[in-house]
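Participant: heads up, no residue letters with this:
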């Protein structure tokens, strides 16, 4: 296995571990509180759907010209990477509460136990089935995205698939052994590392696909990734110092005044859905909602093909971009400028990096408003 293959394996493995941990928490809650059989059926149905997505989208992506592929993949990875880094920086600096799998697991259990028990088709517990299915699909879509983009761009989908499979198997085995949420997994640290990787590869592939030439070719990643990491750490230290200088307690903690009076502390809300937050947050928000008990109107049931396609399009837009459309637009503009400048300037590769460096603080500030 070459150095590129090892880097590909590590990047995909870490990203998939983060998503698999969150999906496992949801499935464990469904199985423990409701029905393991129905929860398992939901997992199987979700995996089958994801396999169909890979089978359909995978070959289509490989038909794109290499430069177009790298621009598209680089841009998407940059958008995703900046989203992950925004959440990781906000949590590490104390402005957002850390991801608490134990608390999420408790809420999932409470919601599952309170839900009504209904059976449909061959599923004895529809709520457990739906809870597991949505969790697997929503978390798995990001895994599929990472596997396809990394694997296709590196022309080594088998290694990417192997890394994802190993990550899922490891997390599932740990979940079975623990029989509870994997709360000791350093989710925020892993999200930080994966965000750095996604952003670094996005900067590299996006600029390269736009026509810029990186000094040292692939070796430039050894400079890009540490630079992104150092930049993020500077943001964390600066934001933490500013928060402490203003006497603002870390998210989830009580201020001295509140503690003295025993008044409830005000905490900052966690990240929102995909685009404004990660696909993981979207999964949690979606699956914890109680199922509707009233039937949809007949007009809704008779929605046409156009309405369904529009709904799918809106879901994909929210999954990739969401309320981060300004960041996505900034990435697109940066890649366009790089493509225009690259033929005349050897330093055009710097444009994408500078755009990313400007967009990250901007997106962090927007998230904290």
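Facilitator: Yep, that arrived. This one's a predicted model, so the numbers in the text were calculated from it and none came from an experiment. Residues are numbered from 1 along each chain as shown.

Participant: Find me whatever residue is spatially closest to residue 19, sequence neighbours aside.
Facilitator: On the basis of C-beta to C-beta, 6 or more residues apart in numbering, the spatially nearest residue to residue 19 that is not a chain neighbour turns out to be residue 139, at 4.4 Å. Just so you know, the C-beta spots here come from the backbone N, C-alpha and C atoms, and that holds for glycine as well.

Participant: Shouldn't that neighbour be within a helix?
Facilitator: Yes: using DSSP: H, G, I helix; E, B strand; the rest coil, the assignment for residue 139 is a helix.

Participant: Report the separation between it and residue 29.
Facilitator: Residue 139 sits 14 Å away from residue 29 when distances are taken as C-beta to C-beta, to the nearest Å.

Participant: mean confidence score for stretch 149-169?
Facilitator: Across stretch 149-169, pLDDT averages out at 87.

Participant: go on, stretch 10-18?
Facilitator: The average pLDDT for stretch 10-18 rounds to 86.

Participant: buried set for it?
Facilitator: When burial is assessed from 16 or more other C-beta atoms under 10 Å, stretch 10-18 yields the following buried residues: 11-18.

Participant: Repeat that for stretch 342-360.
Facilitator: For stretch 342-360, burial by neighbour count (16+ other C-beta under 10 Å) applies to 342, 348-353, 355-356, 359-360.

Participant: Present the residues you listed as JSON lines; the columns should include pLDDT, secondary structure and distance to residue 148.
Facilitator: Listed next are these as JSON lines, based on pLDDT from 0 to 100; DSSP: H, G, I helix; E, B strand; the rest coil; distance: C-beta to C-beta, whole Å:
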{"residue": "342", "pLDDT": "96", "secondary structure": "coil", "distance to residue 148": "26"}
{"residue": "348", "pLDDT": "96", "secondary structure": "helix", "distance to residue 148": "27"}
{"residue": "349", "pLDDT": "95", "secondary structure": "helix", "distance to residue 148": "25"}
{"residue": "350", "pLDDT": "96", "secondary structure": "helix", "distance to residue 148": "28"}
{"residue": "351", "pLDDT": "97", "secondary structure": "helix", "distance to residue 148": "26"}
{"residue": "352", "pLDDT": "95", "secondary structure": "helix", "distance to residue 148": "21"}
{"residue": "353", "pLDDT": "96", "secondary structure": "helix", "distance to residue 148": "24"}
{"residue": "355", "pLDDT": "96", "secondary structure": "helix", "distance to residue 148": "24"}
{"residue": "356", "pLDDT": "96", "secondary structure": "helix", "distance to residue 148": "22"}
{"residue": "359", "pLDDT": "96", "secondary structure": "helix", "distance to residue 148": "24"}
{"residue": "360", "pLDDT": "96", "secondary structure": "helix", "distance to residue 148": "25"}
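
Participant: Can you lay out the residues you listed as JSON lines showing distance to residue 128?
Facilitator: Output for the buried residues of stretch 342-360, formatted as JSON lines (distance: C-beta to C-beta, whole Å):
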{"residue": "342", "distance to residue 128": "53"}
{"residue": "348", "distance to residue 128": "53"}
{"residue": "349", "distance to residue 128": "50"}
{"residue": "350", "distance to residue 128": "52"}
{"residue": "351", "distance to residue 128": "50"}
{"residue": "352", "distance to residue 128": "45"}
{"residue": "353", "distance to residue 128": "46"}
{"residue": "355", "distance to residue 128": "45"}
{"residue": "356", "distance to residue 128": "42"}
{"residue": "359", "distance to residue 128": "41"}
{"residue": "360", "distance to residue 128": "39"}
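
Participant: I appreciate the help and will end here.
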